[in-house]
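> Quick one: sequence and predicted model below, then my questions.
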Amino acid sequence: MLTTETPSDIDMTSESTTPYFFAFLDSKKRKIAEIVMDYVLIFGISVIGVITNTLVILVYTKQGFRESVAVSMTTISLWDLVKCIAGIMNTFSGILSLIDPVAAQSWQNITTAVFNYLISFSTYVTSTLAAYVAVERCLCVTIPLKVKWLLTPRVTLFSCVIISVGVFGCFAIVFGVYDIVWEWDASLNATVALYRKSDFYIRHEGPLFAYYNLSGTLWPIASFVVILIATIIIVVKLKEGSKFRFNNPGMVMSADQSGKKGQQAQTNQRRDRQVVKMLLVIIIIYIACLAPRIAHYLAKYFIYDFYFLRRQHHLFEFCVYIVIGSDAVNGAVNFFVFYRMSSSFRTTFRAMLCRSAGSSSRSSTKSAK
């Protein structure tokens with residue numbers, strides 16, 4: 001089950017409401033929905049994400065990181081790759097259960113204690129990196145002459161590393177809340193892996209999870225607000241630029257008037273505008289994919305019954321799948337945006353594909369001889 005909190009972690013003696021569970025789908029429909037979302041949709045999207053993020057990293061590596069955009073997008077793709085691999089590992093128990101139910105049960109318990117958190121923490125890192133990219137592009141659009149010289153690939157790399165280490169480090173302590181133990185399971189007639197609260201968890205449960213819940217809410221909300229504000233500013237500035245060029249055609253340098261220099265200037269301007277538009281699409285995707293997580297977290301805080309083992313238990317559980325699914329989509333879709341909107345990315349990818357196909361063809365010819 002893809003959750004960062006499990007019913008076994010909740011105090012069964014805490015206050016509850018009546019009826020205990022709100023009837024959200026019957027048990028058979030819930031089971032079918034769980035199988036479809038967990039072992040089909042999320043697993044499938046995660047597999048696609050591993051492939052697409054690997055391709056993004058290879059293309060930008062081939063291009064040589066000459067621009068800051070390549071550095072920031074590669075860093076995001078690395079974290080998306082981690083998230084998608086964690087998604088595959090977390091849902092692999094469904095496939096494994098067809099072969100070995102005992103191993104599948106152990107696998108599910110181990111991955112629940114490790115990869116559930118890794119998926120969430122990777123999402124926090126990528127959303128913060130997206131906020132950085134949004135601010136960077138916003139500055140480039142509003143005051144390009146003042147900041148463009150500063151936003152070099154080296155500066156962007158340093159910023160991405162600091163953000164990655166800082167944000168992930170804020171949550172790394174949570175990996176110590178569970179211990180993996182092996183115990184006999186009479187229902188399976190075998191020894192299986194189980195996760196139990198660690199001594200660290202028991203000693204610091206109150207402040208630890210208050211800190212985790214607060215951080216897990218503030219980081220995505222802060223990133224969402226920054227991304228939203230920066231996006232609005234970028235859109236407004238792009239519209240102002242388009243309006244200015246439309247109303248003042250005589251002031252726009254043409255290739256006929258200024259020769260090669262003017263043509264080069266126009267080419268650079270078009271490229272910069274296209275890069276901004278491409279990143280704007282990426283940013284809007286982040287807004288759409290962060291919205292379910294933020295809504296879920298806020299609902300959990302303001303609606304008491306919307307939580308595990310309370311009246312809205314099953315609805316809460318269903319919404320968790322929506323949150324994880326949106327994270328998976330967010331981690332898999334960037335390649336298609338880059339390929340559609342970046343001519344340089346598309347050209348490099350096609351060249352790599354043709355070179356790979358040519359090498360395979362030559363290898364098969366040699367083997368035939």
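Now that the structure is in, tell me what you want to look at. Residues are numbered from 1 along each chain as shown.
> Return the residues in contact with Tyr321.
By C-beta atoms under 8 Å, 6 or more residues apart in numbering, the residues touching Tyr321 are Leu2, Ala33, Glu34, Met37, Asp38, Ile42. To be clear about C-beta, it is placed using only N, CA and C from the backbone, and glycine gets the same treatment.
> Let's verify the fifth one: helix, strand, or coil?
In other words, Asp38. Look at Asp38: counting by DSSP: H, G, I helix; E, B strand; the rest coil, its state is helix.
> Show me which residues of stretch 118-135 are buried.
Neighbour-count burial for stretch 118-135, with 16 or more other C-beta atoms under 10 Å as criterion, is recorded at 118-134.
> In helices, which of those residues fall?
Taking DSSP state H, the ones among those that sit in helices are 118-134.
> picking up where we left off before, identify, from the contacts of Tyr321, the entry nearest to Ile294.
Closest approach to Ile294 among the contacts of Tyr321 (C-beta to C-beta): Leu2, at 17.9 Å.
> show me what contacts Leu323?
One thing to correct before we go on: residue 323 is Val, not Leu. Val323 touches Pro292, Arg293, His296, counting by C-beta under 8 Å, 6+ apart.
> quick one: which of these is nearest Ile76?
Distances from Ile76 to these, taken by C-beta to C-beta, are shortest for Arg293, at 16.7 Å.
> what about stretch 180-198, start to end distance?
Stretch 180-198 has an end-to-end distance of 9 Å (criterion: C-alpha to C-alpha, to the nearest Å).
> isn't Tyr304 right up against Arg310?
Yes: if you go by C-beta atoms under 8 Å, Tyr304 and Arg310 touch, sitting 6.9 Å apart.
> Between these two, point out the one with more neighbours.
Each of Tyr304 and Arg310 has its neighbours counted (other C-beta atoms under 10 Å); Arg310 has more, 19 against 13.
> What strand or helix carries the more buried one?
For Arg310, there is no helix or strand it lies in under DSSP states H and E.
> List the contacts of the residue nearest to Tyr39 when sequence neighbours are not counted.
Of all residues not flanking Tyr39 in the chain, Gly94 sits nearest, at 3.4 Å (C-beta to C-beta, 6 or more residues apart in numbering). When contacts are counted by C-beta under 8 Å, 6+ apart, Gly94 is found next to Ile35, Asp38, Tyr39, Phe43, Ala104.
> Centre of the chain to the helix or strand containing Arg154, how far?
Arg154 belongs to helix 153-171 when elements are defined using DSSP H and E. Centroid separation for helix 153-171 versus its chain: 16 Å, with C-alpha atoms, centre = their mean, to the nearest Å.
> partners of the following helix or strand past it in the sheet?
For helix 153-171, the succeeding helix or strand toward the C-terminus, using DSSP H and E, is strand 178-185. Strands adjacent to strand 178-185 in the sheet, as given by DSSP bridges, are strand 190-197 (antiparallel).
> what packs against the helix or strand following the strand it pairs with?
Beyond strand 190-197 on the C-terminal side, the first helix or strand identified by DSSP H and E is helix 199-247. For helix 199-247, the contact count by 3 or more C-beta pairs under 8 Å, 6 or more residues apart in numbering; DSSP states H and E identifies helix 101-142, helix 153-171, helix 255-302 as packing neighbours.
> go again using 10 Å as the cut-off
Judged by 3 or more C-beta pairs under 10 Å, 6 or more residues apart in numbering; DSSP states H and E, helix 199-247 is in contact with helix 101-142, helix 153-171, strand 178-185, helix 255-302.
> Look at Ala288 and say how many residues are nearby.
Neighbourhood size, Ala288 [other C-beta under 10 Å]: 12.
> same check, this time on Asp185
Counted with other C-beta under 10 Å, the neighbours of Asp185 add up to 15.
> In the sheet, which residues pair with the residue lying closest to it once chain neighbours are set aside? Tell me.
Leaving aside its sequence neighbours, Asp185 sits nearest to Val192 (C-beta to C-beta, 6+ apart; 4.7 Å). The partner list for Val192 in beta bridges (DSSP bridges) reads Glu183.
> Which residues are in contact with Val192?
Residues counted as contacts of Val192 (C-beta atoms under 10 Å, 6 or more residues apart in numbering) are 101-110, 181-185.
> same thing but at 6 Å, please
Shown in contact with Val192 (C-beta atoms under 6 Å, 6 or more residues apart in numbering): Gln105, Ser106, Asp185.
> what do you get for Pro144?
Neighbours of Pro144 in contact, by C-beta under 6 Å, 6+ apart: none.
> Any figure for the gap between it and Leu129?
22 Å (C-beta to C-beta, to the nearest Å).
> what's the answer for Val50, then?
Distance, Val50 to Leu129, using C-beta to C-beta: 19 Å.
> Could you list the buried residues of the helix holding Arg154?
Neighbour-count burial for helix 153-171, counted by 16+ other C-beta under 10 Å, picks out Pro153, Thr156, Leu157, Ser159, Cys160, Ile163, Ser164, Val167, Phe168, Cys170, Phe171.
> what angle separates that helix from helix 199-247?
For helix 153-171 against helix 199-247, the angle between stretch directions is 140 degrees (axes from the mean of the first three to the mean of the last three C-alpha atoms, to 10 degrees).
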